[in-house]
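In: fold the following, please.
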Amino acid sequence: MASGKVYIIGAGPGDWELISVKGLKKIKAADAILYDFLASAELLQFVKKGAQVICCGKADGLHILAQDRINKLLFKLANQGKIVVRLKGGDPLVFSRGIEEALYLKNKGIDFEIIQGITSAFAAPESFGIPLTRKGKYSSVAVLAGRKSNNAKLDAPDCDTLIYLMAVVNIKAVVKTILDSGRDRTTPCAFIERGTAKEERIVSGTLFNIVKKAKEYAVKSPSVFIVGEVVKYGKKIYGYKFK
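Out: Okay, here's the model as predicted:
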């Protein structure tokens, strides 16, 4: 039997309509779909009748299927001649294991294609009118992990804007790292929870009080943590959302 093809697709940050046209076309044509929790479930309405739908259940702290099992499933289904969609939240190569899946398929000789998605690192702040840069003022952005395996040291580079993913449970350590790097404790920052989704909300503050606010307002994952003067623009652009 001829080998099928795997499409590793970024579903976007939360609002299902932010998926690319190309990505949506592949979902409609797929014989099998393996999806993560962070990919909007509303996209499953476009799956064709009879297609196999498998929840991989990847979210913060929860993996229904181990990565090795996912890799083998992608290979098995494609080797049966099926068109397979691997649907991942955000962008498949930004703090995702999409690259591991691609390397595995490459090694196995399976045809695959990576279809980009909008990462929450950019979309969540923009959903509240927060730019990542501004010409002549803020020209550098770093996207960082808010926690690392094996207790590796966190990063806080000298950039105008810092964006952390997976920082909720580790916010104390993240803030300490930023302050230790020389940032003033009055630096604006914000958590954007479930950015672009209907349930989105923002908890803004400064490096001095954001740990307390995150606890007070029970911030949960998935959330994006953004640090820098750019946060101030949010109230100017979409002030009503800051209620």
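In: going by C-alpha atoms from here, please, whenever you check contacts or count neighbours.
Out: Will do.
In: show me how far the longest helix belonging to the chain is from its chain's centre.
Out: Criterion DSSP state H: the longest helix present in the chain is helix 67-79. In terms of Cα atoms, centre = their mean, to the nearest Å, the centre of helix 67-79 is found 22 Å from the chain centre.
In: what's in contact with that helix?
Out: Residues from elsewhere that reach helix 67-79 (Cα atoms under 8 Å, 6 or more residues apart in numbering): 1-6, 32, 56, 84, 86, 101, 104-105, 108, 110.
In: among those residues, show me the least confident.
Out: Across the contacts of helix 67-79, the bottom pLDDT score, 53, is held by residue 1.
In: centre of the chain to the helix or strand of the chain with the lowest mean pLDDT, how far?
Out: Every helix and strand of the chain was ranked by mean pLDDT, DSSP states H and E. The lowest is helix 233-238, at a mean of 93. Distance of helix 233-238 from the chain centroid (Cα atoms, centre = their mean) equals 23 Å.
In: next one: stretch 213-225
Out: For stretch 213-225, the distance to the chain centre is 16 Å (Cα atoms, centre = their mean).
In: next one: stretch 176-187
Out: 25 Å.
In: adjust the sequence numbering to begin at 38 for everything that follows.
Out: Done: numbering now begins at 38, and the last item shifts to stretch 213-224.
In: which residues touch that stretch?
Out: Counting by Cα under 8 Å, 6+ apart, 191, 192, 193, 194, 243, 244, 245, 264, 265, 266 sit against stretch 213-224.
In: which of the residues you listed count as buried?
Out: The neighbour-count test (16 or more other Cα atoms under 10 Å) marks 191, 192, 193, 243, 244, 245, 264, 265, 266 as buried among the contacts of stretch 213-224.
In: where does the third one fall, helix, sheet strand or coil?
Out: Remark: residue 193 carries the secondary structure label coil [criterion: DSSP: H, G, I helix; E, B strand; the rest coil].
In: that one and residue 199 touch, don't they?
Out: Yes. Between residue 193 and residue 199 there is a contact at 7.5 Å, judged by Cα atoms under 8 Å.
In: quickly list the domain ranges of this protein.
Out: By the record's domain assignment, the chain is partitioned as 42-152, 157-279 (automatic domain parsing).
In: so how far is the last one from its chain's centroid?
Out: Counting by Cα atoms, centre = their mean, domain 157-279 is centred 14 Å from the centre of its parent chain.
In: over to the first one?
Out: Offset of domain 42-152 from its chain centre (Cα atoms, centre = their mean): 14 Å.
In: first-to-last residue distance for it?
Out: 13 Å (Cα to Cα, to the nearest Å).
In: the last one now?
Out: According to Cα to Cα, domain 157-279 extends 19 Å from its N-terminal end residue to its C-terminal end residue.
In: one step back: buried residues, the least confident helix or strand of the chain. List them.
Out: Applying 16+ other Cα under 10 Å to helix 270-275 flags residue 271 as buried.
In: packing partners of it?
Out: Packing contacts for helix 270-275, counted by 3 or more Cα pairs under 8 Å, 6 or more residues apart in numbering; DSSP states H and E, involve no helix or strand.
In: contact partners of that helix?
Out: Counting by Cα under 8 Å, 6+ apart, 165, 166, 167, 168, 278, 279 sit against helix 270-275.
In: make a markdown table out of the residues you listed and add pLDDT and distance to residue 219.
Out: Formatted as a markdown table, those follow (pLDDT from 0 to 100; distance: Cα to Cα, whole Å):
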| residue | pLDDT | distance to residue 219 |
| --- | --- | --- |
| 165 | 97 | 27 |
| 166 | 96 | 27 |
| 167 | 97 | 23 |
| 168 | 97 | 23 |
| 278 | 86 | 31 |
| 279 | 79 | 28 |
